[in-house]
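> No sequence on hand, only this structure:
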């Protein structure tokens, strides 16, 4: 009973947030520059939260997330531009194909651990990028023209669904199984958990929402090019997750919002932009080495006050 | 009584090293058996083969009528063998209750879709897990700590939690790897009582590795002794105590004069 109240609480906050921004946009009080920032923010939140499921929850150090972003972007663009499908269907198609790509990459590479898994996922992401680079149908290196169809509504709904589903997954026996794998894979296996199944499942769900992000990304920038999905993009997403605190969903959300703000406002200082951005990262890591929120969630702050917790 | 576990000429080789060879064991339903031997004798390696962590290079393991050697660990656990670890392997960042729930995982059946979309099956499944896991914590006197992270528990409690977690997986055969390691005599005494209690309560068969001879001699019905990867003796505690080979393995050969 109490849990469903909490859920409706969040639903109302989300709805109000959406309505306020949407009203401001429709009255023309938010110029395109800031609209763009809001959509980018949503895309970054989706990417951060989906990678959080793979790295923060399941503990599988994947640094090829941009590959699935690329799959979602290209597939959805093909759907709208070449096949004339409606945007919402294209988002779904991009996400499903990204998930299939996730399964294809995940099944062989998730046998590896630690550094080896990181290298393998990085390699797979590069393969995906180079495949798109060499297909003339999608424009090759010159890129592909895409009409602007992403709106605040699509971006917000996509983000809300991403957060809802990934938090539902995490707060269930399936999510606990994933956390157990992160904590101690041998013990998880010995407790009857099919570790391969859950690693691949987390990877596939993560890829699905990277695909959603990719679809909204593709229809926001008029053009998509393979260079946008290189390993630097993967690292950008990784930074969001680490900065937010490994294992914290709300941390990933906060980090994505925070860093999107920082990089948007730094566009005014193009010469020093990357230096300041790096300094911000170094400062956060110095003073909050476990990330903004550590492994805690924002909601824990409220809970703690009520219960006080048991002392040992 | 019927035979629950039968191990036939079991062995494993790591490269050129024969860590364990030609081990024959059997366990009747409901028995409590000890596995002892000096350090490096191959006790934990044998455990690892029984639970699927290592695939034996020779021999067979028959559990409840089925051959299980070389199966994945999670399949062995679902088949009814569960274990604790010599060096505690709790899920440190999970709460005490969640540690037990993880082991209860394979007994629940709500699938990923029902959890993602929060279907009624998810809620009934999670409620049942919560209830069953709490019941295990109560038996072990850990229910007061249920929301505490398991890494914050005192050492003795962590050992108890490991046993509670192993039980929650619903085993017929429980393997305990040095459950009393690092405990003081008072804690060991309580642990012995607890093992006797859960054995009766859950109708368990138990195989126990232990260095504390008081504990082993006190509660085990039969004992197997391993040395240098081979079984050197088996029998009742009284027989083992007076077996010259066992004494030699622990204390060394008598000097001929």
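Yep, it's here. Note that the structure is predicted; figures quoted are calculated from it, not measured.
> So what's the residue count around the residue nearest to residue B:43 when sequence neighbours are not counted?
Leaving aside its sequence neighbours, residue B:43 sits nearest to residue B:209 (Cβ to Cβ, 6 or more residues apart in numbering or on different chains; 4.7 Å). (C-beta placed from N, C-alpha, C; glycine too.) By other Cβ atoms under 10 Å in any protein chain shown, 23 other residues sit near residue B:209.
> got it, and residue A:85?
16.
> Report the contact partners of the closest residue to it other than its chain neighbours.
Leaving aside its chain neighbours, residue A:85 sits nearest to residue A:79 (4.3 Å; criterion: Cβ to Cβ, 6+ apart). The contact partners of residue A:79, by Cβ atoms under 8 Å, 6 or more residues apart in numbering or on different chains, come to A:85, A:89-90, A:93-94.
> Filter these down to the buried ones, PyMOL style.
Filtering these down to the buried ones (16 or more other Cβ atoms under 10 Å in any protein chain shown) takes a single PyMOL command:
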select buried, chain A and resi 85+90+93+94
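> Looking at the contacts of residue A:79, which are in helices?
If you go by DSSP state H, these have A:89-90, A:93-94 in helices.
> Out of these, the closest to residue A:219 would be?
Ranked by distance to residue A:219 (Cβ to Cβ), these are led by residue A:90 at 7.9 Å.
> if I look at that closest one, how far off is chain B?
Distance from residue A:90 to chain B, counting by Cβ to the nearest Cβ, to the nearest Å: 22 Å.
> Spit out the contact partners of that residue.
Here residue A:90 is in contact with A:75-77, A:79-80, A:215, A:219 (Cβ under 8 Å, 6+ apart).
> now residue A:109
A:117, A:120-121, A:124.
> Name the member of these with the most neighbours.
Highest neighbour count within the contacts of residue A:109: residue A:121, with 26 neighbours (other Cβ under 10 Å).
> Run through the strands of the chain in chain order.
Answering for chain A, as no chain was given. Assigned by DSSP state E, chain A shows strands spanning A:144-145, A:223-224.
> ah, I was thinking of chain B
Going by DSSP E, chain B shows strands at B:3-14, B:17-28, B:32-36, B:58-63, B:66-67, B:81-83, B:173-177, B:205-209, B:222-227, B:230-235.
> For the fourth one, buried residues please.
Neighbour-count burial for strand B:58-63, with 16+ other Cβ under 10 Å as criterion, is recorded at B:58-59, B:61-63.
> Next: the second one.
Buried positions in strand B:17-28, judged by neighbour count with 16+ other Cβ under 10 Å: B:18-21, B:23, B:25-27.
> Nearest to the middle of the chain, which residue? Look it up for me.
No chain in the question, so chain A it is. Centroid check for chain A by Cα atoms, centre = their mean gives residue A:47 as the closest residue, at 1.4 Å.
> switch to chain B, that's the one I care about
Nearest to chain B centroid, counting by Cα atoms, centre = their mean: residue B:175, 1.8 Å.
> ok, that residue - contacts?
Contacts of residue B:175 (Cβ under 8 Å, 6+ apart): B:47, B:50-51, B:81-84, B:166, B:206-209.
> repeat that with 7 Å
Under the criterion of Cβ atoms under 7 Å, 6 or more residues apart in numbering or on different chains, the contact partners of residue B:175 comprise B:47, B:50-51, B:81, B:83, B:207.
> As TSV, those with neighbour count and pLDDT would be great.
Compiled in TSV, the contacts of residue B:175 are given as follows (neighbours: other Cβ atoms under 10 Å in any protein chain shown; pLDDT from 0 to 100):
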residue	neighbour count	pLDDT
B:47	22	94
B:50	24	95
B:51	24	95
B:81	29	95
B:83	28	95
B:207	24	96
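> pLDDT below threshold where in chain B?
Scanning chain B with the threshold set as pLDDT under 70 gives B:1, B:254, B:256-257.
> tally of neighbours for residue 64?
All of this refers to chain A. Residue A:64 - counted by other Cβ under 10 Å - has 31 other residues nearby.
> right idea, wrong chain: chain B
Neighbours of residue B:64 under the rule other Cβ under 10 Å: 16.
> gap between it and residue B:171?
In this view, residue B:64 and residue B:171 are 11 Å apart by Cβ to Cβ, to the nearest Å.
> contacts for stretch B:84-100?
A:176, A:179-180, A:183-184, A:186-187, A:295, B:44, B:102, B:133-134, B:136-137, B:142, B:145-151, B:153, B:158-159, B:161-166, B:168, B:176-179, B:181.
> For chain A, what lies in contact range of chain B?
Residues of chain A that fall close to chain B, judged by Cβ under 7 Å from any Cβ of the partner chain: A:165, A:168-169, A:172-174, A:176-177, A:179-180, A:183-184, A:186-195, A:201, A:295, A:309-310, A:312.
> Can you show me the helices along chain B?
Under the criterion DSSP H, chain B contains helices at B:43-50, B:73-79, B:96-104, B:112-116, B:120-139, B:155-168, B:185-201, B:213-219, B:237-241, B:244-251.
> err, the stretch 201-312 of chain A, not the other one
Applying DSSP state H, counting those that start in this stretch to the stretch 201-312 of chain A gives helices spanning A:231-244, A:249-265, A:273-287, A:298-307.
> taking the mean pLDDT, what do you get for the last one?
Looking at helix A:298-307 alone, the average pLDDT works out to 60.
> likewise the third one?
Predicted confidence along helix A:273-287 averages 84 (mean pLDDT).
> mind listing what's buried in that helix?
Neighbour-count burial for helix A:273-287, counted by 16+ other Cβ under 10 Å, picks out A:280, A:284.
> What lies in contact with that helix?
Contacts to helix A:273-287, defined as Cβ under 7 Å, 6+ apart, come from residues A:239, A:243, A:262-263, A:266-267, A:292.
> Determine the angle, from 0 to 180 degrees, between it and helix A:231-244.
In terms of direction (axes from the mean of the first three to the mean of the last three Cα atoms, to 10 degrees), helix A:273-287 departs from helix A:231-244 by 30 degrees.
> burial measure for residue B:14, as a count.
11.
> for it, which residues make a bridge with it?
According to DSSP bridges, the partner residues bridging residue B:14 are residue B:17.
> picking up where we left off before, pick the most deeply packed of the strands of chain A.
Across these, the average number of neighbours (mean count of other Cβ atoms under 10 Å in any protein chain shown) peaks for strand A:223-224, which reaches a mean of 19.
> Give me the sheet partners of that one and which way each runs.
Checking strand A:223-224 against DSSP bridges gives partners strand A:144-145 (antiparallel).
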